[in-house]
Every structure is written in C-alpha cells, then in structure tokens.
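Student: one predicted model, sequence on top.
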Amino acid sequence: MTTEVREAQETDIDKIQELSAELSEMESEEFDPTINPEWCLTEEAENWYRDRIHSPDGFATVAQEEGEVIGYAVGITVRAETFRTTEKLAELESMYLRPEYRGQGIGTQLVDEFKDWAEQKDADRLRVQASAQNQDAIDFYQKNGFQDYSLTLETDN
C-alpha cells in the first residue's frame, strides 16, 4: 500500500472533521474530560478547518491510502508573544493518524510537511501541544525534534 501526503482540499474537510472527532473522543476519555468531541463536527469547526486550508498563514495536509484520508495535520503561523526574542511561530494545532497506520513513518511525513511549510513561511520556531498524560504523543513529537518548553497547570474552580 502506498501512502500519499498532500495538501488538504476543501473536499477533505468532512473527513478531517471525522478524524478530529476520533482524536477528541480519545483525548476526552483518556486525558482531558473537558474536551468536547462534538465541537469537531460543528459548523464552527468546519470553518476553522476551511480557514487553515485557504488562509495564507494556514497549513492543512492529509495522509491518504488507497484514496481514503487516514490522517491530517493543521497549523498556522502566528506572531510570537512580545516578551520573546523570536518573531514568528508556526504552531501545529492538531494532528491525528488512525492508530492502525502508526509506526509506519506516516506521522513523521506529516510533521516533515509541516516543518517544510514553516520554513517557507520564515517561522523562527515551531510549537505543538500535547496532553501532559499523552506520553505516546509526547514521545512522538520529541522524536521529531520538539523539546519541552512550557508546562500549563489547571484545576477545577
């Protein structure tokens, strides 16, 4: 089987939303019950993904095998916080690959596409966030060159 990683198109939005809902469901069940998996299927989410596809600052890529979208990565470039010495960040906002396709280098292909895009956009740094308890995601991103930068702590009020 041959996997193709390509720029996302408007026609991919439904599939990206479906995969995003799978990711959010898993995240909600295993790591963060405050995540609402239903949001991924809303019109707001649809517009958010559409913006990543069409915006000059947006990034949207899909992985497909035999014509079926099996993963995606979306991101955006943003100005860094004013207290930092860097100017432009490229943030990998959401990425998911169906579990049965992991360990084959497809996720790394998605990250590499993001890195190439970020370089073309003259981003100074790259950023990605993962749930603190999601060790598999943390390990994956670290293997792909990301390092710990910040830790966010929360509690119920």
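Tutor: Structure's in. What do you need?
Student: skipping adjacent residues, who's closest to residue 124 in space?
Tutor: residue 86 (4.1 Å; Cβ to Cβ, 6 or more residues apart in numbering). All C-beta spots, glycine's among them, are computed from the backbone N, C-alpha and C.
Student: contacts only, for that neighbour.
Tutor: Taking Cβ atoms under 8 Å, 6 or more residues apart in numbering as the contact definition, residue 86 lies against 80, 124, 125.
Student: assumed it was part of a strand.
Tutor: No. If the criterion is DSSP: H, G, I helix; E, B strand; the rest coil, then residue 86 is coil and not within a strand.
Student: I'd like the next helix or strand past the longest helix seen in the chain.
Tutor: Using DSSP state H, we find that the single longest helix of the chain is helix 13-30. Tracing the chain C-terminally past helix 13-30 and defining elements by DSSP states H and E, one meets helix 43-54 next.
Student: report the buried members of the contacts of residue 86.
Tutor: Among the contacts of residue 86, not one is classed as buried by 16 or more other Cβ atoms under 10 Å.
Student: how far away is the residue nearest to residue 124 from residue 105?
Tutor: Between residue 86 and residue 105 the distance is 29 Å, computed by Cβ to Cβ, to the nearest Å.
Student: now do stretch 78-95: distance to the chain's middle.
Tutor: On the basis of Cα atoms, centre = their mean, to the nearest Å, stretch 78-95 sits 15 Å off its chain's mean C-alpha point.
Student: since that was my last question, I'll sign off now.
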